[in-house]
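> Below are the sequence and a predicted model for it; my questions follow.
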Amino acid sequence: METIQLNLKERTSRVFLPESLGFGKIFTDHMFEMEYTESKGWHNPVIRPVEDLSVHPASMFIHYGQSIFEGMKAFKQESGEVVIFRADKHFERLNNSAKRVCIPPVDVEFMIEALKELINIERDWIPTKHGESLYIRPFVFGSDPFLGVKPAKEYKLIIILSPVGAYYSEGFKPVKILVTDEYVRAVRKGLGDCKTPANYAASLLAGQEAVKRGFTQVLWLDGVEQKYIEEVGTMNIFINMKDEVVTPKLNGSILPGITRRTVIEILKSWKMNIVERDITIDEVVNAYAKGNLLSVFGTGTAAIISSVGWLTYKDKQMVLNNGKPGALDIKLFDEITSIQYGLKEDTHNWIFPVEQKEIVNS
Ligand SMILES: *Cc1c(COP(=O)(O)O)cnc(C)c1O
């Protein structure tokens, strides 16, 4: 494995974090970077100060969208120990996304070590209040200048870090969701199961129109018939009914969320009837009409669990639990965050500790 070069900034003062961090607004001092060329493969790994990038205006990702990313979190536990949540699964997923858009894969073990090294250097940037965390954004893009449509020959992989506030600083607050059949996010056999910017570009207009109508986000239906529910676009969705908890099965157009996977594994360990299957929006509406719908919640790294308080589909306006979070939603949120913050033992091997190491500038 190649050694990571360290080119670090002189730190003259302590890291000072503002009271309100929000999400994705503040960035740490350093980033990890490595390059790919056809002859050398992935090479030149370095941790260096965060600076503006210099890219040629013909860089391929700008024109044809050959780019992928990940989003995961690190936590500072009460003991002071720093841990990353399910880093292996995130880098494995990065490689799955890479494959679909012809980006060369990375070595998962090496990436975990590189991330640990970066986080060790940026340790002081990790906020400590319960609910706060360090958001980790790895991304890869085709960087050589060329205007023909084909896979790039050169790539850059970068990891930036952003201290983020508690998602629920004002308590666990349910969201208002609009089910749309006017637009689709992704189609089967397309890019839907790949964490690539194109899917977000496809979702912006529907999201903007939903926000104008007072909703938080859109729930997407399948790209062919607009009949089956898929996901929320930054979150996977779970329908908690009296005799089963259902989440749409991964069919190629749904992003395979790591939090989705975590929730399924926890529900199984609780011996609950969790089923991955196709589910139509009509089935959800009917379950609501019959009083069988206990709760609906989204899952994603940012919010962990997000209760849906209001779900609107055409002229059907469903209010869940009087707009309050469901009992299962809260139980899951507490279970996952307890493991992340070290309040509960990690029996699943989801936690990757970042050992404190002395930093030697190279
Ligand atoms: C990242 C993402 C999710 C959530 O995945 P997690 O791994 O749980 O954070 C859901 N849907 C889409 C489209 C995403 O990009």
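Here it is on my side, so go on.

> contacts and neighbour counts: CA atoms only from here.
Noted.

> Get me the contact residues on the stretch 251-362 of the chain for the ligand.
Contact residues, the stretch 251-362 of the chain versus the ligand (Cα under 6 Å from any ligand atom): 255, 257-260, 299-301.

> And residue 211, which helix or strand is it part of?
helix 197-212 (DSSP states H and E).

> Could you tell me what pLDDT the model assigned to residue 154?
You'll see residue 154 listed with a pLDDT of 98.

> hang on, the earlier thing: which of the residues of the stretch 251-362 of the chain next to the ligand fall within strands?
Cross-referencing these against strands under DSSP state E gives 299-300.

> Which parts of the chain are helices?
60-64, 87-100, 108-121, 197-212, 258-269, 281-289, 327-340 (DSSP state H).

> In a markdown table, list these along with mean pLDDT and mean neighbour count.
Output for these, formatted as a markdown table (pLDDT from 0 to 100; neighbours: other Cα atoms under 10 Å):
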| stretch | mean pLDDT | mean neighbour count |
| --- | --- | --- |
| helix 60-64 | 97 | 18 |
| helix 87-100 | 98 | 20 |
| helix 108-121 | 98 | 19 |
| helix 197-212 | 97 | 16 |
| helix 258-269 | 98 | 18 |
| helix 281-289 | 98 | 15 |
| helix 327-340 | 97 | 17 |
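
> Nearest approach to residue 163 belongs to which of those helices?
Counting by Cα to Cα, residue 163 lies closest to helix 108-121 out of the helices of the chain; the figure is 11.3 Å.

> Would you mind listing the outside residues contacting the closest one?
1, 4, 30-32, 47, 87-88, 91-92, 159, 354-357, 359 (Cα atoms under 8 Å, 6 or more residues apart in numbering).

> cool, stretch 218-229 as well?
177-181, 184-188, 206-207, 210, 230-233, 248, 253, 278-282.

> For it, list every residue counted as buried.
218-223, 226-229 (16 or more other Cα atoms under 10 Å).

> Enumerate the residues of the stretch 101-250 of the chain near the ligand.
195, 233-236.

> Which of these fall in strands?
residue 236.

> Least confident of the residues of the stretch 101-250 of the chain next to the ligand?
Comparing those by pLDDT, residue 233 comes last, at 81.

> That residue: how many residues sit nearby?
24 (other Cα atoms under 10 Å).

> List the residues that contact it.
So residue 233 contacts 185, 200, 203, 218-220 (Cα under 8 Å, 6+ apart).

> quick one: which two of the residues you listed are the most distant?
200 and 219 (13.5 Å).

> ok, back up a step: want to throw the contacts of residue 233 into CSV with distance to residue 26?
Below are the contacts of residue 233 laid out as CSV (distance: Cα to Cα, whole Å):
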residue, distance to residue 26
185, 29
200, 22
203, 25
218, 27
219, 29
220, 30
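
> out of those, who's nearest the ligand?
residue 200 (7.4 Å; Cα to the nearest ligand atom).

> Can you say which of the helices of the chain is nearest to residue 8?
helix 108-121 (9.0 Å).

> Taking helix 87-100 as reference, get the angle to that closest one.
120 degrees (axes from the mean of the first three to the mean of the last three Cα atoms, to 10 degrees).

> Centre of the chain to helix 108-121, how far?
A distance of 18 Å separates the centroid of the chain from that of helix 108-121, by Cα atoms, centre = their mean, to the nearest Å.

> before we move on, what about stretch 34-48?
Worked out by Cα atoms, centre = their mean, stretch 34-48 lies 25 Å from the chain centre.

> What of stretch 45-63?
Distance, centroid of stretch 45-63 to centroid of chain: 22 Å (Cα atoms, centre = their mean).

> does residue 37 really touch residue 155, like I thought?
Yes: under the criterion of Cα atoms under 8 Å, residue 37 makes contact with residue 155 at 6.9 Å.
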